[in-house]
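Enquirer: need a structure here:
(2 chains)
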2 protein chains.
Amino acid sequence: MNASIITIGDEILIGQILDTNSTYLAAELNKLGIKVLRAIAISDTEEAIIQTLNLSLSDSDIVLITGGLGPTKDDITKHALARFFNSKMIRHQPTLEKIEKRLTHLGVKLSEINRAQADVPEKCEIFKNNSGSAPGMLFRQGSSIVVAMPGVPYEMKDIMQSDVIPHIKENYELPARIHKTFLTVGVAESTLSDRLENYELQLPENFSLAYLPSPSRVRLRLSAFATNATELKNSFEFQSTKLSNELGNDLYGYNDDTLEQVVGNMLRKNALTIATAESCTGGNIAQIITSVPGASDYFLGGVVAYSNEIKEEILSVSEEDLKKYGAVSREVVEQMANNVKKLMKSDFGVATSGIAGPTGGTEEKPVGTVWIAVASPKRTLALKFNLGNNRERTVLRSTVAALNIVRKEINNLAEKTVNKV
Amino acid sequence: MNASIITIGDEILIGQILDTNSTYLAAELNKLGIKVLRAIAISDTEEAIIQTLNLSLSDSDIVLITGGLGPTKDDITKHALARFFNSKMIRHQPTLEKIEKRLTHLGVKLSEINRAQADVPEKCEIFKNNSGSAPGMLFRQGSSIVVAMPGVPYEMKDIMQSDVIPHIKENYELPARIHKTFLTVGVAESTLSDRLENYELQLPENFSLAYLPSPSRVRLRLSAFATNATELKNSFEFQSTKLSNELGNDLYGYNDDTLEQVVGNMLRKNALTIATAESCTGGNIAQIITSVPGASDYFLGGVVAYSNEIKEEILSVSEEDLKKYGAVSREVVEQMANNVKKLMKSDFGVATSGIAGPTGGTEEKPVGTVWIAVASPKRTLALKFNLGNNRERTVLRSTVAALNIVRKEINNLAEKTVNKV
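Expert: Numbers count the residues shown, from 1 in each chain, chains lettered A, B, ... in the order given. Reported below is the predicted structural model:
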């Protein structure tokens, strides 16, 4: 089963916006087990549309089109489709009524331009647009289908989820497919790949494992397909558990989980609170912790101690130690973590001090040197990292590393509590 | 002058990554005055590559290809290009030497896979890759050119800037073109559009103005082309000054400037320092200020005061006022700004307190209500905003609004100083 994706409009061809629609459609088709042969962006001229439809229908069962259906445009897509499928245009009454109702509700007087959005080629099936004016349209040629959708991402996604994907599932014989993403942190892709060599070798032929790396994190996507859905579910469950066990404590979550959510949930569940003392990360750890709704349940506050004076005066770091060891040192970062914990009366204190660059590095402490400390109710752990010479990435990697130490320390705490019981 | 862009590789067709390369190439070609007819992503099979090359060369003078040159792949792109241009493969000595030198330096032993990266079709000109192994390759067909580049974004951009763009400028007659982006903050797109109506009407026919909105900011791109470069330069200068005057104090910079850089430079130039006291923005203002290299020249530190206890104990906000007016109030945010300024001995204090949501809103203070205060050496200004019900956008918009108030208050300060002289 093959597909082509067509994006119509000049915004992409002048480099003004990224083509996120094609990426979304490709991911959705891939999940269904449909191979995408090409994704092509063209301008809204009838010539380009017809040329690209001919090309796409030469080898694709499914052609998905987005864009070119806006009211201010010349509606060229609809007319090109009408000409291609040899159809006249008609005014679609249910769509017209929907547009009238929507605009009247917004207090807008209907113009002919608004009404014309209900014009569609006669030879198509209509997919209702619940969040906008232009409906989706399905055309058939032999056993192939062409679906045109508006380019506004949430309107397009809405039509895909409520109509196009169900239509494809109903009308085509697709293999049963399962995907699950395993989220790891703090382990390099090559190390993981070595560790999982035997796991990968024993995977049945209908399984595949993809590595999706990002700074300090590697996502592993386990996919499988089969004709028998029940059998697939069982073998997937088996391989999934096996992979989770292989990954152990480096696995922090699945699918759309984020590290900050996972750590937040662990804190809430254990009725623990946290406070931050940041130097090189400049507030990024606090910001990422508070990006999770409800973070006020466990996050009390933080200090961004950029200058040494602030480290001394607000975080009570010893002036002597600052002089003796420098701000980027185990001694200073441990005091920062311990003292912010005391100051804010929290259970955990997390602190960073490093050289984000591009300047400020020395031979002994090059750019990218970062000390991270986490003070827990049981102990204070400080670790040194070398995170490279890109300022933005160093801040991001420090943040991820800090959250990961907190995650492991909460686990340690829980384990110890269990052991005691 | 027409162009096509081809991206080779499965990552885009399975929806794993966004095609940022095509967007970059489209923007660069557009700046040169070259029309992009299509951008097409295909998988790395010889059949797809040859089909797409035929299509592209049927109507394009310039074809830019990225991807499919990696060492672990089958190097299918190079072989497909060799077949298409009827050329044999040769080992390119200067590239081989570069690869040997690079890998030896990294302590890696050269394998045949590494050496094969120096294999190129004989009928091409080589563009050196300064940041990776696979070189760029230029092929000719009649007056058209095909350029293949690696898919790694920074390698591709490097080859584009140092070789491909200069080659195009030298070998094709392009219209003279000038672009300048005007950066505004705090004004809605529709308001700007009303205000600039007369300006746009008086623009000569060879000028255009594009609106590029993002949260709380609107970028305006003024473009012009002409055959006479000197004349164009003068008229562009004239229109550019006129537009800057129209935008007045809402204009914060040009082209790639960022608001945090602009504010940082203003602080440094006036030998002023700043400190932050954040509630709803959770450290985001400190984080964005410190994202600029050298921010330690003017940023002393900050407090993230998420809980009321921290507001009272560290920022000395009156317990009575917190009870009487609530944390999201003029009274509290003013005290936060004033007191962090005192605490950190800075010239400016900036504070936020708001309801980022999704919960915590009331009828009187709905989700999205944010108070922002800026304490300057002269006065404390507090303003209330309604920033909508998306948590992430509210934090971003609050941050932009806060930095913009700081920018205006530094301007006020400078003006007053001048007036006094």
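
Enquirer: please count neighbours and contacts with C-alpha atoms only from this point.
Expert: Will do.

Enquirer: A:K128 - nearest residue in space that isn't next to it in sequence?
Expert: Nearest residue to A:K128 in three dimensions, chain neighbours excluded: A:P135, at 5.2 Å (CA to CA, 6 or more residues apart in numbering or on different chains).

Enquirer: same thing with A:T399?
Expert: A:T399's closest residue in space is A:I285 (CA to CA, 6+ apart), at 5.4 Å.

Enquirer: now do the contacts for that neighbour.
Expert: Contact partners of A:I285, counting by CA atoms under 8 Å, 6 or more residues apart in numbering or on different chains, are A:276, A:278, A:399, A:402-403, B:283.

Enquirer: alpha carbons only: can I get the helix or strand containing it in PDB?
Expert: Using DSSP states H and E, A:I285 falls within helix A:284-290. As requested, the backbone C-alpha atoms of helix A:284-290 are provided in PDB (Å, rounded to 0.1, in the frame of the first residue of the first chain):
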ATOM      1  CA  ASN A 284      16.100  26.700  32.900                       C
ATOM      2  CA  ILE A 285      15.600  23.900  35.500                       C
ATOM      3  CA  ALA A 286      13.000  25.900  37.400                       C
ATOM      4  CA  GLN A 287      11.300  26.800  34.100                       C
ATOM      5  CA  ILE A 288      11.100  23.200  32.800                       C
ATOM      6  CA  ILE A 289       9.800  21.900  36.200                       C
ATOM      7  CA  THR A 290       7.100  24.600  36.200                       C
END
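
Enquirer: any idea of the mean pLDDT for that helix?
Expert: For helix A:284-290, mean pLDDT is 98.

Enquirer: and if you look at stretch A:148-164?
Expert: Average pLDDT, stretch A:148-164: 93.

Enquirer: what's the burial count for the nearest residue to A:S223 once chain neighbours are set aside?
Expert: Excluding the flanking residues, the one nearest A:S223 by CA to CA, 6+ apart is A:H179, at 4.5 Å. Close neighbours of A:H179, defined as other CA atoms under 10 Å in any protein chain shown, add up to 16.

Enquirer: thinking again about what came up before, wait, the residue nearest to A:K128 touches A:T95, no?
Expert: Yes - A:P135 is in contact with A:T95 according to CA atoms under 8 Å; the separation is 7.3 Å.

Enquirer: those two: which is more packed in?
Expert: A:P135 (25 against 22).

Enquirer: common neighbours of A:P135 and A:T95, please.
Expert: A:118, A:128.

Enquirer: distance of the residue nearest to A:S223 relative to A:L259?
Expert: 20 Å (CA to CA, to the nearest Å).

Enquirer: for A:V333, same thing?
Expert: For A:V333, the distance to A:L259 equals 22 Å [CA to CA].

Enquirer: cool, A:S22 as well?
Expert: Taken as CA to CA, the span from A:S22 to A:L259 is 28 Å.

Enquirer: cool, A:E112 as well?
Expert: Distance of A:E112 to A:L259, computed by CA to CA: 51 Å.

Enquirer: is stretch A:350-360 in proximity to chain B?
Expert: Yes - counting by CA under 8 Å from any CA of the partner chain, chain B is contacted by stretch A:350-360 at A:357-358.

Enquirer: how about that stretch: buried residues?
Expert: A:350-357 (16 or more other CA atoms under 10 Å in any protein chain shown).

Enquirer: stretch A:107-120 now?
Expert: The neighbour-count check on stretch A:107-120 (16+ other CA under 10 Å) flags A:114-120 as buried.

Enquirer: ends of it, how far apart?
Expert: Stretch A:107-120: ends 25 Å apart by CA to CA.

Enquirer: what sits up against it?
Expert: Residues contacting stretch A:107-120 (CA under 8 Å, 6+ apart): A:71-72, A:78, A:89-93, A:95-96, A:99-100, A:103-104, A:133-135.

Enquirer: so which of those residues are in strands?
Expert: Cross-referencing the contacts of stretch A:107-120 against strands under DSSP state E gives A:89-91.

Enquirer: near chain B too, which of those?
Expert: Okay, of the ones in strands among the contacts of stretch A:107-120, nothing touches chain B (CA under 8 Å from any CA).

Enquirer: quick one: which of those is nearest B:F84?
Expert: Nearest to B:F84 among the ones in strands among the contacts of stretch A:107-120 is A:M89, at 43.0 Å by CA to CA.

Enquirer: wait, the closest one touches A:P121, no?
Expert: Yes - counting by CA under 8 Å, A:P121 is a contact partner of A:M89 at 4.3 Å.

Enquirer: need the overlap of contacts for the two.
Expert: Common neighbours of A:M89 and A:P121, using CA under 8 Å, 6+ apart, are A:79, A:82.

Enquirer: so these two - more neighbours on which side?
Expert: A:P121 (23 against 14).

Enquirer: out of A:V333 and A:L259, which sits in the more crowded spot?
Expert: Set side by side, A:V333 and A:L259 show more neighbours around A:V333, with 30 against 21, by other CA under 10 Å.

Enquirer: what helices or strands is the helix or strand harbouring the more buried one leaning on?
Expert: Secondary structure assignment for A:V333, by DSSP H and E: helix A:330-344. Helix A:330-344 makes packing contacts with strand A:274-278, strand A:299-305, helix A:319-325, strand A:348-354, strand A:369-375, strand A:380-386 when contacts are defined by 3 or more CA pairs under 8 Å, 6 or more residues apart in numbering or on different chains; DSSP states H and E.

Enquirer: okay if I get those as JSON lines plus mean pLDDT?
Expert: JSON lines is the format used below for the helices and strands packed on helix A:330-344 (pLDDT from 0 to 100):
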{"stretch": "strand A:274-278", "mean pLDDT": "98"}
{"stretch": "strand A:299-305", "mean pLDDT": "98"}
{"stretch": "helix A:319-325", "mean pLDDT": "97"}
{"stretch": "strand A:348-354", "mean pLDDT": "98"}
{"stretch": "strand A:369-375", "mean pLDDT": "98"}
{"stretch": "strand A:380-386", "mean pLDDT": "97"}
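
Enquirer: restricted to strands, list the buried residues of stretch A:107-120.
Expert: Per DSSP E, the subset of the buried residues of stretch A:107-120 in strands is A:119-120.

Enquirer: which residues in the stretch 101-250 of chain A form helices?
Expert: Assigned by DSSP state H, counting those that start in this stretch, the stretch 101-250 of chain A shows helices spanning A:112-116, A:153-159, A:165-171, A:189-195, A:197-202, A:229-247.
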